[in-house]
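Asker: the sequence and its predicted three-dimensional model are supplied below.
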Amino acid sequence: MAALVLGLELILVFLLTLLVLNEYGNWRTQHPIVTVAVFVAWYFSFLIIFIIPMDVSATLYQQCLNATVIPNITEEHFNISDPLLVNVSRAIQNVTAYEAKETEGLVPVVQECEPPWSYVDPHVLPTLWRVLYWTCQFLSWLLLPLMQSYALAGEFSVGGKLLASLKRNAIYYGTYLLVFGVLLIYVAAKPELHLSWSRLYTLIVTASNTWGLFLLILLLGHGLVDIPRGFWRASSLSFQLAYTQFKLAKVATEKAEADEELDDVLGEVKKAADYIDARHSLRPCLELIISKCPGEIREKLSEAPKTRPPSSTTATVPTQASLVMLHKRLISAIHRKFRTSSSWLALLEDGFELEDCIRNQPNGDRTFRPTFPVARGQLHSMICTPRIEWFWKCLARQWILKAVAVIIVIFAVMVVWSECTFFVVEPVLSLFAIFVTLAGYHREYFNVELASFFIIAFLSICTYRTVFKIRFFNYYHFAPRHQTDENSLIFGGTLLCRLTPPMCLNFLSLIHMDSHIIKTRTAETAFTRIMGHLDVLPIISEGFNIYFPMLILVLCLATYFRLGTRILNFFGFQQFVDNDDLSVDLVNEGRELMQRERRKRLRAEDTKNRREQLMELVNNTSNFGRVSRFSRREHALSKKGARDSDSGTGSGLRYKNFHNDEPSTASEFGASISGARSSSTLRSLERERQPVSYDLGSIQNESLGQDFRATDRNYQSLSSESANPNASSQFGYPPRNLFDDV
C-alpha cells in the first residue's frame with residue numbers, strides 16, 4: 001500500500017509539472033536541454049512538497065514506538081538507541097522476543113502503535129531526500145545559472161557560449177565564495193567550535209538555507225496578502241475591467257516599443273547583409289542570424305550580395321563582436337515581440353468577456369449572449385448552455401470568489417500567527433503545531449498527512465505565485481500561453497530549488513517537529529536529519545532563523561497598504577494606484593483601444609458573413625449566372641429587383657426574374673437576412689452604443705471612483721435589442737450592401 005501511494009504521488013507530481021511547464025514554456029521552440037533541466041528542477045521542488053507529509057506521519061509513528069518502550073529496559077534488549085536510523089521492524093521483533101523470553105518481574109509492553117497507511121521502509125525516505133536535495137542544490141547553484149547565461153549569450157559556437165556564461169557568472173560565484181569564506185574563517189576562529197567535515201557540511205547547508213529563508217519570507221509575506229485581495233477584486237466586474245484596460249494601455253506601449261526595437265534590429269541585420277558577401281569569413285555567422293528573422297525578411301536577406309557596397313567604409317565594417325551583440329539583440333527583440341503580441345490578444349479577450357458579463361447581467365431571460373461567439377464542441381455546448389453560462393459568469397462566480405478570498409484570509413492569519421509564535425513551546429501557541437500534535441496523539445495519521453499537506457501546499461502556493469508574478473523589467477517575466485522565454489524559465493527553476501528546502505524546514509518548525517526549536521530531544525524527520533541543524537553559527541540558529549520569520553507581519557502590512565506599488569509609481573514605473581491621474585488616463589486609453597479593436601473585429605466579421613452569404617446565394621441559385629441586361633427606371637423602386645438607397649432618390653438596378661423561388665435581387669436577399677433594418681437606423685444604434693463604464697466607489701476611494709464611475713445603462717438598454725433574432729446586426733453595426741465587396 002505504501003509503495004502504491006508513493007508511486008501515485010510520483011506520477012501525479014510528474015503530470016502537474018508537465019501541465020505547468022506547458023502553460024508557460026514552449027517545448028517546440030526551446031532547446032531540449034533547457035526543457036529537461038527546467039522540468040527536473042520544477043519536478044523535484046514539487047515532489048518535496050508532496051512527500052514531506054509522509055515523513056511527518058512516519059516520524060510520529062516512530063515517536064509512538066519510542067514512547068511504548070519500558071524505561072528501565074537495557075539497550076541490549078531493544079537496540080533502539082542508535083541515532084534515529086533504527087530499523088523499526090527489527091525493534092518490534094526484539095520487543096516480542098524479550099517478552100517471550102523474559103517475563104518474570106516485568107510489566108508486559110502493550111503495543112498500541114499502528115503504522116501509517118503510507119509508511120515505507122525507514123531507509124527509503126533518507127535516500128530519497130538526499131537525491132532530491134542535492135540535485136536541487138546542484139541545479140540551483142551550478143547548472144541553471146550557467147544555462148541561464150548560455151541562453152542569453154549571442155556567440156555562434158558552443159564553446160563561445162560556455163566561455164561567455166562562465167565570464168558572466170564569475171562575479172556571481174565570486175560573491176558567494178567570499179561570503180562562504182568569511183563564514184568559514186568565523187567558524188575556524190571560534191575555539192569552542194571544532195571544525196570537522198560534519199560541521200563543514202552543516203555550514204554549507206546553513207549558508208544555502210539562510211539565503212533561501214530570506215527570499216521565502218519576502219515572497220511569502222507578499223503572497224499572503226496579494227492572493228486573497230486578488231480573489232476579492234476579481235469578484236467585482238467593474239474593477240476588473242478597469243484594471244484590464246489599464247494593463248492593456250501599458251501592453252500597447254510595450255508592443256509599440258517591441259515593434260520599433262525589432263525594426264531597428266532588422267535594419268542593422270540588413271545593413272550587415274548588404275556588406276558581407278558570400279565569400280566573407282563572417283557569412284556563416286550572418287546566415288545564423290538571418291535564419292532567426294521573420295520569414296518574409298529572411299527570404300530577402302538570404303541572397304548575399306556579390307560585391308560590397310561602394311559607399312561602405314572601414315568604420316561600418318561589421319566584426320564578429322558586433323555580430324554577437326546583434327545576434328543577442330535579435331533573439332531578445334523577437335521574443336519580446338511575440339510576448340507582447342500574445343499579452344495584447346489575451347487582455348483583449350479578457351476585456352471583451354468582462355464587458356459581456358456587465359452587459360448581460362440585467363438580462364431578464366438570464367441568457368448569456370457574447371459579443372464574439374466562440375466555436376465550441378458539441379459536448380461543451382450541451383453542458384455549458386447560455387443559461388448556465390449566465391448563472392456562472394453573472395451571478396455565482398462573484399460570490400464564490402468572495403468566499404474563497406475570505407477562506408484564504410483566515411489561512412493567512414493563521415500562518416502569520418504561527419510564524420510569530422512557533423518558538424514558544426510552553427504553552428504551545430502555534431496553531432499548526434496544535435492541529436498536528438492532536439492528530440498524532442490520537443494516532444490519526446491520515447489526518448496528520450492531510451493537515452500537513454494543506455499547510456505546506458498553502459505556503460508553497462503563496463510563495464510560488466509571487467515567483468510567477470513578479471517581473472524584473474524585460475529580464476525576468478513569466479507570461480502564460482507558452483510565451484515565457486528560456487531565461488525566465490531557468491530563473492524560475494533556480495528560485496524554486498532554493499526556496500523549497502528552507503520552506504520545508506520552516507514548516508517543520510511551525511508544527512514543532514524540529515527538536516532544536518522546541519528544545520526537546522525526540523525523534524526527528526528524515527528530512528531534518530539530512531538537512532542538519534543550524535547550530536554551527538549561534539547567531540543564525542538562535543537569532544536569524546527564529547526571529548526573522550516574525551518580519552512577515554511587517555511585510556504583510558506593507559503589501560496591504562501597497563507600499564511597494566506606491567514607491568514604484570513615485571519613481572515612474574506606472575502602477576494601478578488610487579487617486580492617481582495617470583492611472584485614470586491609462587484606463588481611459590485602454591477603453592479607447594478596446595473600442596477601436598471591437599469595431600475592427602465587427603467590421604471584419606460582418607464582411608466575412610456577407611461574403612459567405614453571397615457564396616451561398618450563388619451556389620443555391622441555379623440560374624444566377626444568366627443575368628439579363630438591366631434597365632434604368634425613373635419611377636420608385638419596386639419591392640422586387642430594387643437596391644436600397646439611403647438617399648431615397650428611387651434609382652436602382654433590376655434583374656430579370658427566371659421564375660425561381662430564390663431572391664433575385666441584392667436588396668431582397670439582404671432584407672431577408674437582416675430583417676429589413678435601414679442602414680441609417682443601424683448607424684444611429686452604433687452611435688448610441690458606448691463602452692462599459694465602471695463603478696469603483698464600493699472598492700476604491702471616492703475620488704478614484706468618481707473618475708471611473710458611470711452607469712451601465714448604455715449596455716443594459718441594448719440587452720433587449722440584442723435578444724431580437726430578427727435584428728439586422730447582432731453587434732449594432734450596419735452591414736454594407738451585399739455586393740459592395742465583389
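Answerer: Cool, got the structure. Being a predicted model, the structure only gives us computed values, none of them experimental. Residues are numbered from 1 along each chain as shown.

Asker: which ones are touching Thr500?
Answerer: Residues near Thr500 by CB atoms under 8 Å, 6 or more residues apart in numbering: Ser45, Ile48, Ile49, Cys136, Ser460. C-beta coordinates here come from the backbone N, C-alpha and C atoms, glycine included.

Asker: at 10 Å instead, please
Answerer: For Thr500, the contacting residues are 41, 44-49, 52, 132-133, 136, 140, 212, 216, 456, 460, 463-464, by CB atoms under 10 Å, 6 or more residues apart in numbering.

Asker: could you do Gln398 as well?
Answerer: Ala234, Ser235, Ser236, Leu237, Cys357, Gln361, Trp392.

Asker: separation between it and Leu354?
Answerer: 12 Å (CB to CB, to the nearest Å).

Asker: name the residues contacting each of those two.
Answerer: Listed as contacting both Gln398 and Leu354 by CB under 10 Å, 6+ apart are Leu237.

Asker: low pLDDT regions in the stretch 201-350 of the chain?
Answerer: By pLDDT under 70, the low-scoring segments of the stretch 201-350 of the chain are 300, 302-316.

Asker: where along it do the helices fall?
Answerer: Secondary structure of the stretch 201-350 of the chain (DSSP state H, counting those that start in this stretch): helices located at 237-275, 283-291, 295-301, 320-360.

Asker: now the stretch 501-650 of the chain
Answerer: 515-518, 526-531, 538-539, 545-547, 552-560, 563-570, 581-620.

Asker: relative to Val124, which of those is closest?
Answerer: helix 526-531 (8.8 Å; CB to CB).

Asker: output the helices of the stretch 201-350 of the chain as CSV; include the columns distance to Ile185 and mean neighbour count.
Answerer: Below are the helices of the stretch 201-350 of the chain laid out as CSV (distance: least, CB to CB, whole Å; neighbours: other CB atoms under 10 Å):
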stretch, distance to Ile185, mean neighbour count
helix 237-275, 48, 19
helix 283-291, 47, 17
helix 295-301, 57, 12
helix 320-360, 39, 19
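
Asker: so which of these gets nearest Val187?
Answerer: Of all the helices of the stretch 201-350 of the chain, it is helix 320-360 that lies closest to Val187, at 42.2 Å by CB to CB.

Asker: tell me the helix or strand right after the closest one.
Answerer: helix 378-383 (DSSP states H and E).

Asker: and after that following helix, which helix or strand comes next?
Answerer: helix 386-391.

Asker: now the helices of the stretch 201-350 of the chain in CSV, with distance to Ser515?
Answerer: Listed next are the helices of the stretch 201-350 of the chain as CSV, based on distance: least, CB to CB, whole Å:
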stretch, distance to Ser515
helix 237-275, 48
helix 283-291, 58
helix 295-301, 64
helix 320-360, 48
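
Asker: mind checking which of those helices is nearest Gln148?
Answerer: Comparison of these against Gln148 by CB to CB identifies helix 320-360 as nearest, at 13.7 Å.

Asker: which of the contacts of Gln398 are buried, as a ChimeraX select command?
Answerer: Buried members of the contacts of Gln398, defined by 16 or more other CB atoms under 10 Å, are picked up in ChimeraX with:
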select :234,235,236,237,357,361
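
Asker: could I get the contacts of Gln398 in TSV, plus columns for distance to Ala333?
Answerer: Shown next, in TSV, are these (distance: CB to CB, whole Å):
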residue	distance to Ala333
Ala234	34
Ser235	39
Ser236	37
Leu237	36
Cys357	37
Gln361	43
Trp392	41
